[in-house]
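Asks: Structure here, sequence nowhere to be found:
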């Protein structure tokens, strides 16, 4: 009897947590509008980088900064990552960091290919 | 028996926060991701795998662009349009970017009104989002047509320079455009479900048989924002490089 009661209690507790998460992510509309505006400004800024023909490291720096800011705002606010528990946040955001390794390997290999192509095409000239 | 248990006897134990929270969540029975409906977790995991696919495309694009000995066509000029007698660089892509960002905004609002159970507003916002998405795909079709027919760009070569330009461009934007297209289709499906009141009545879905719930609007939103997110990276790395 006590066992059955315990099970019912557990089921009841589970039911409570179910009810709790069905409420979902509720935030004031204002925050979405602000982030929306910010995304517009950042997009305009990254377009202006091209429009004003910034070149070299300045261009790269601005492009990457605006890109990461936009990506961060979308994930944090629009996708509600800001309000999730750390367990989910880390499970989703940490694995993509592995891609930095692929990025590094890709860049190294591209430099090597460029070098060997250079040598190969030079040979053809003589 | 059930009535013998007062509703107030069980108070949920507060979940620990911070690093302790991570350890507690991952080591707990039944479910590691607390306070998140599993449909949402599954969408997040799908999005992580999609992140890897798009990253593989973008990194291989970086690889071929860095290793080619031919000059890379200047995207600023390739994607310029003549508007009102003036040649404006990259304007088509800029407009597409603004359209996609706008659709992300309306999607976020739709999710918000969905949880408020405001059926009509959610429906209208979802339809606006779908319309903006369809506009985006339409502009992409225009862009592809212009590149293929007028500029003679092919996946295996083009008259402007490096042959890799075409293959990288069609692969990356094509895959993204496919994502947007499927997003538009599902946006319309979700919008119809909202308008019919399926989510209020908890009608089971035709595909999964799960009870209707406003969570699906948020899950749809996650996918849509992800499509926008990918465009942010494509815009920066393909068009602005």
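Replies: Cool, got the structure. All of these numbers come straight from a predicted model, not from anything done at the bench.
Asks: Give me the distance between residue B:38 and residue B:26.
Replies: Distance, residue B:38 to residue B:26, by CB to CB, to the nearest Å: 16 Å. In this view, the C-beta of every residue, glycine as well, is placed from N, C-alpha and C.
Asks: Show me the helices in chain A, by range?
Replies: In chain A, the helices defined using DSSP state H lie at A:2-22, A:29-51, A:56-73, A:86-93, A:99-125.
Asks: For residue B:153, which of these is the nearest?
Replies: In terms of CB to CB, the element of these nearest to residue B:153 is helix A:29-51, at 19.7 Å.
Asks: Now the closest one: buried residues?
Replies: A:32, A:35-36, A:39, A:42-43, A:46-47, A:49-50 (16 or more other CB atoms under 10 Å in any protein chain shown).
Asks: Quick one: the helices of chain A as CSV, columns for mean pLDDT too.
Replies: Shown next, in CSV, are these (pLDDT from 0 to 100):
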stretch, mean pLDDT
helix A:2-22, 44
helix A:29-51, 92
helix A:56-73, 94
helix A:86-93, 92
helix A:99-125, 89
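Asks: Break chain A into its domains for me.
Replies: A:2-84, A:94-126 (automatic domain parsing).
Asks: hey, which of those is tucked in deepest?
Replies: domain A:2-84 (a mean of 15; mean count of other CB atoms under 10 Å in any protein chain shown).
Asks: Return the distance of it from the chain's centre.
Replies: 9 Å (CA atoms, centre = their mean, to the nearest Å).
Asks: tally of neighbours for residue B:80?
Replies: Residue B:80 has 16 neighbours, counted by other CB atoms under 10 Å in any protein chain shown.
Asks: quick one: contacts for residue B:200?
Replies: Taking CB atoms under 8 Å, 6 or more residues apart in numbering or on different chains, we find residue B:200 in contact with B:117, B:119, B:212.
Asks: Now a PyMOL select for only the buried ones of those residues.
Replies: Command for PyMOL that selects the buried part of those, burial taken from 16+ other CB under 10 Å:
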select buried, chain B and resi 119+212
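Asks: ok so, going back, next, format the buried residues of helix A:29-51 as CSV and append distance to residue B:46.
Replies: Shown next, in CSV, are these (distance: CB to CB, whole Å):
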residue, distance to residue B:46
A:32, 24
A:35, 24
A:36, 25
A:39, 23
A:42, 27
A:43, 26
A:46, 28
A:47, 31
A:49, 32
A:50, 33
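Asks: Of these, which pair is most distant in space?
Replies: A:32 and A:50 (27.8 Å).
Asks: that older thread, if we check chain B, which of the buried residues of helix A:29-51 are in contact?
Replies: A:32, A:35-36, A:39, A:43, A:46-47, A:49-50 (CB under 8 Å from any CB of the partner chain).
Asks: export those residues to CSV and tack on distance to residue B:78?
Replies: Listed next are those as CSV, based on distance: CB to CB, whole Å:
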residue, distance to residue B:78
A:32, 35
A:35, 31
A:36, 30
A:39, 25
A:43, 20
A:46, 18
A:47, 16
A:49, 17
A:50, 12
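Asks: need the helices of chain A in TSV with distance to residue B:166, can you?
Replies: Below are the helices of chain A laid out as TSV (distance: least, CB to CB, whole Å):
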stretch	distance to residue B:166
helix A:2-22	47
helix A:29-51	21
helix A:56-73	23
helix A:86-93	34
helix A:99-125	18
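Asks: so which of the ones you listed comes closest to residue B:237?
Replies: helix A:56-73 (7.6 Å).
Asks: Name the residues that touch the closest one?
Replies: Residues contacting helix A:56-73 (CB under 8 Å, 6+ apart): A:35, A:38-39, A:42-43, A:45-46, A:49, A:54, B:229, B:232-233, B:235-237, B:240-241.
Asks: remind me which residues of chain B are low pLDDT?
Replies: B:1-11 (pLDDT under 70).
Asks: out of the helices of chain A, nearest to residue B:216?
Replies: That would be helix A:2-22 among the helices of chain A, by CB to CB, at 12.1 Å.
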